[in-house]
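# model this:
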Amino acid sequence: MRLTERDLELLRWINGHGFVTARQAADWMGTCLQAGHRRMGLLHEGGYVTRQRLFHGAERAYWLSALGQQVSGDTLSCPETISPATYRHHWMMVDLAHDLITKTKGQFTPERRLREQRAIKGVGAEGHVPDGLLKVKSKKPIAIELELTLKGRERLEGIVEGYLDRDLSAVWYFVTSDQIRRRLTSIVDGERLFKVKPWQPRS
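Predicted coordinates for the structure are as follows:
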C-alpha cells in the first residue's frame, strides 16, 4: 500500500485520540461509511494500525502500530492496548471533537496531545489536563470536558478551582444526564468562565 499525505495525516489524527472507529475515520475524511471501512482495512492490512473489537456488538477500535507511528513521523507514542474501562469516554470524545470542529471551524487538540505537550499555554506543566482544547480563530483556547459519570463534589470543586488561574477564554463541560448537569451547575454557578452544556452521544 502506498501511503498518501492524507493517509499520514489520518494516522497522526488517530494517534492523537488514541483510537477511533471506521465510522469516525469516515467522518474525519468526509466520506461515506463504506469508504471509511475500506481505508481502515487497507491501513490494517499494511500493518499501520491494529484493530480489535473490545465489546460484543461494538465497532472495531483502530489504533496505530509501531510501524504506523514510524511512517507518520508522530512523536506521540502509540498505545500498546486499549483499556475497556476508558473505551466509552475516549470513543465519545472523538465524536464530540468532530461536532465541535464542525460547529466552530476551530482546531481541537485531544488530551493525549496535551499530555505530550504539557507546557502548552493555558494548560501548564502540572495539574489536571482537560479532555481537549478547542482553539477558535485568534481567541484564547477553550478547555473541553466530557462528564459521563457523577464524580464526587470535592473532586469536581478541585478541578474547577484549578481552572480559574489558567489563560483560557472558557471551560465547556458537556454532560449526558440531568443529574450530572445539576451537580456541575451548582459548583460553577456564578463563575462566568464555565458553561455546562447537554450533549447526546451517537448511538
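# Pull out the buried positions in the lengthiest helix in the chain.
As assigned by DSSP state H, the longest helix anywhere in the chain is helix 84-104. Using 16 or more other C-beta atoms under 10 Å as the test for burial, helix 84-104 gives 87, 90-101. For every residue, glycine as well, the C-beta is placed using N, CA and C.
# From these, pick the one nearest residue 107.
residue 101 (7.5 Å; C-beta to C-beta).
# What segments of this protein are strands?
49-52, 61-64, 107-110, 132-135, 142-147, 170-175, 194-198 (DSSP state E).
# need these in CSV with mean neighbour count and distance to residue 81, can you?
Shown next, in CSV, are these (neighbours: other C-beta atoms under 10 Å; distance: least, C-beta to C-beta, whole Å):
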stretch, mean neighbour count, distance to residue 81
strand 49-52, 19, 8
strand 61-64, 24, 9
strand 107-110, 20, 18
strand 132-135, 22, 22
strand 142-147, 22, 22
strand 170-175, 21, 27
strand 194-198, 15, 32
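# Distance to residue 4 and mean pLDDT added to those, as TSV?
Putting the strands of the chain into TSV (distance: least, C-beta to C-beta, whole Å; pLDDT from 0 to 100) gives the following:
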stretch	distance to residue 4	mean pLDDT
strand 49-52	15	95
strand 61-64	17	96
strand 107-110	22	96
strand 132-135	26	96
strand 142-147	30	96
strand 170-175	33	96
strand 194-198	36	95
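# from the buried residues of helix 84-104, which is closest to residue 5?
Of the buried residues of helix 84-104, the one sitting nearest to residue 5 (C-beta to C-beta) turns out to be residue 101, at 19.7 Å.
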